[in-house]
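Peer 1: sequence and predicted structure, then a few things I'm wondering about:
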Amino acid sequence: MKPDFLSALLCAFLLLLAGAPAWADADHDHDDAPAAAAGPALPRFTAVSDAFELVGVLDGQRLTLYLDRFADNAPVPKASLELDIGGTTVKAEPHGEGEFEVQLAAVPAPGVLPVTATVIAGNETDLLAGELDIHADAHEDAAAPRNWRRIVGFGMGGLAALAVLFALARRARTSRTSQAGGAA
């Protein structure tokens, strides 16, 4: 074999490897499933009545509340909101139309907390009830599970490619030495 032929064979082999189809395992189905959330979800609750809907999102000690009309989902302007969270009563401060905020004294402990909200909007007064379910933090430092079958498969494929390249290089070397020692 001549070195030009070996170079062409090596290039063809590398192009064949680069254009090889990717193998998908059971974890790679291509359906139209919605994308998963990128970060951890914050604890939240909803409380609904015939007139109002209240959504609360807990971020540490800050509880952000969204109050709207149940019928048309419109924010409730100039409302007054008082919450009873697990036996502690707090007054919500308005932060825009239909948006309120409460600063809690401490971060609530994991568990289910009953939430009761008293809403006063103009001549309407309503009592809403819900539950805030707070889960203990998952182990964030735990390593993600590895797919060992895939890792071993890629390793074996790489070793096979190296073995083929080594065999081709060795064959080219022996071919070159036999051609160099020809006529005397």
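Peer 2: Structure's in. What do you need?

Peer 1: correct me, but E82 touches K91?
Peer 2: Yes. Contact criterion CB atoms under 8 Å: E82 and K91 qualify, at 5.4 Å. Backbone N, C-alpha and C define where each C-beta goes, glycine included.

Peer 1: and the two? Which one has more around it.
Peer 2: Neighbours per residue, other CB atoms under 10 Å: of E82 and K91, the larger number sits with E82, 14 against 11.

Peer 1: find the nearest non-adjacent residue to the more buried one, please.
Peer 2: If the residues on either side of it in the chain are set aside, E82 comes closest to T118, at 4.6 Å by CB to CB, 6 or more residues apart in numbering.

Peer 1: gap between that neighbour and D126?
Peer 2: The span separating T118 from D126 equals 8 Å under the rule CB to CB, to the nearest Å.

Peer 1: can you check R44 too?
Peer 2: As defined by CB to CB, R44 lies at a distance of 20 Å from D126.

Peer 1: which residues touch G122?
Peer 2: When contacts are counted by CB atoms under 8 Å, 6 or more residues apart in numbering, G122 touches K78.

Peer 1: any idea how far it lies from V76?
Peer 2: As it turns out, when the distance is counted by CB to CB, G122 lies 9 Å from V76.
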